[in-house]
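Chemist: Predicted model, plus sequence, below.
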Amino acid sequence: MSKAPGLSRRDILNSLLLPALGLGLASAPSNVFAQASGNSRTLVAYLSRSGNTRVIAGQLQRRFRADLFEIRTAEPYPEDYEETVERARQHRDSAATPPLAESVGDVAGYQTVFLGFPIWGMALPAPVRTFLTTHDLSDKTLVPFITHGGYGTGSAPRSVADLASGARILEPFVLQADQERETLNRVTAWLQAVEPEL
């Protein structure tokens with residue numbers, strides 16, 4: 001596997017500062033660039049729950065003047081984190097491919113596809129599985145970028161390779177990012193300490 005041209009780990013890490021500054025895609029409307037503009041041969045497709053993957057997608061979109069596509073399911077995942085974890089587990093265990101809200105209008109027109117997603121339950125999230133089974137990426141260069149909460153990439157790289165076997169897959173960018181569960185656990189511990197004093 002070779003490194004994606006023009007990208008450095010520093011570029012992507014620097015982009016993580018954008019949410020703190022109130023800049024970038026974290027505040028942009030969902031799926032602003034859902035359909036190909038026809039001007040770019042590069043697509044950045046991504047799934048993001050907490051916003052970490054979205055920030056990386058935004059930097060890639062700007063760097064390559066790429067079209068941007070947010071992977072969203074027709075039936076949204078719950079707002080509650082624990083409920084989302086449970087649904088994601090059910091989808092993983094059943095190898096589900098939940099329908100997407102939209103698809104890329106003309107994926108055949110792209111030469112390069114950056115594909116971003118978080119790791120859910122040590123596996124490829126079901127919506128990304130749907131994206132890969134409903135969009136033919138044969139003969140394209142596929143560049144994964146993956147965020148995780150501390151447990152690594154699990155089986156996701158192998159799943160991407162299996163589902164996009166006709167693509168030339170480059171080495172993924174992998175970043176450990178904040179995990180919602182850890183945040184919830186820390187808040188719970190804090191509340192247990194302060195509640196007796198309330």
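Modeler: Received, thanks.

Chemist: and residue 86, what element?
Modeler: helix 81-94 (DSSP states H and E).

Chemist: Contacts for whichever helix or strand comes after that helix, please.
Modeler: Following helix 81-94 in sequence order, the next helix or strand is strand 112-118 (DSSP H and E). Outside of strand 112-118, the residues within contact range by C-beta atoms under 8 Å, 6 or more residues apart in numbering are 4, 41-50, 52-53, 56-57, 60, 64, 66, 71, 107, 124-125, 128, 131-132, 137, 140-149, 156, 160, 167, 177. (C-beta placed from N, C-alpha, C; glycine too.)

Chemist: Just the buried residues of the helix holding residue 86, please?
Modeler: Neighbour-count burial for helix 81-94, with 16 or more other C-beta atoms under 10 Å as criterion, is recorded at 81, 84, 85, 87, 88, 91, 92.

Chemist: what about the strands in the chain?
Modeler: In the chain, the segments counted as strands under DSSP state E are 42-46, 67-70, 112-118, 141-148, 168-169, 173-176.

Chemist: so what's the residue most central in space within the chain bridging to?
Modeler: Nearest to the mean C-alpha position of the chain, counting by C-alpha atoms, centre = their mean, stands residue 117 at 2.2 Å. Using DSSP bridges, the bridge partners assigned to residue 117 are residue 146.

Chemist: sorry, back to before: the helix holding residue 86 vs strand 112-118, what angle?
Modeler: Using axes from the mean of the first three to the mean of the last three C-alpha atoms, to 10 degrees, the interaxial angle of helix 81-94 with respect to strand 112-118 works out to 120 degrees.

Chemist: and helix 81-94, what other elements does it pack with?
Modeler: Packing contacts for helix 81-94, counted by 3 or more C-beta pairs under 8 Å, 6 or more residues apart in numbering; DSSP states H and E, involve helix 126-134, helix 180-194.

Chemist: Low-confidence stretches in the chain?
Modeler: By pLDDT under 70, the weakly predicted segments of the chain are 1-39, 179-180, 198.

Chemist: run the last query once more with 90
Modeler: Applying pLDDT under 90 to the chain flags the ranges 1-40, 50-52, 105, 149-151, 176-198.

Chemist: returning to that earlier point: which one of the helices and strands packed on helix 81-94 is the most hemmed in?
Modeler: Across the helices and strands packed on helix 81-94, the average number of neighbours (mean count of other C-beta atoms under 10 Å) peaks for helix 126-134, which reaches a mean of 21.

Chemist: which outside residues touch that one?
Modeler: Taking C-beta under 8 Å, 6+ apart as the criterion, the residues outside helix 126-134 that touch it are 45, 47, 71-73, 88, 91-92, 95-100, 103, 115, 117, 120, 159-160, 163-164.

Chemist: now could you export just the CA positions of it as PDB?
Modeler: Extracted in PDB, the C-alpha atoms of helix 126-134 (Å, rounded to 0.1, in the frame of the first residue of the first chain):
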ATOM      1  CA  ALA A 126     -23.300  -0.700   8.500                       C
ATOM      2  CA  PRO A 127     -24.000   2.500   6.600                       C
ATOM      3  CA  VAL A 128     -20.500   2.300   5.100                       C
ATOM      4  CA  ARG A 129     -21.100  -1.300   4.200                       C
ATOM      5  CA  THR A 130     -24.300  -0.100   2.400                       C
ATOM      6  CA  PHE A 131     -22.300   2.600   0.600                       C
ATOM      7  CA  LEU A 132     -19.700   0.100  -0.600                       C
ATOM      8  CA  THR A 133     -22.300  -2.400  -1.800                       C
ATOM      9  CA  THR A 134     -24.400   0.200  -3.700                       C
END
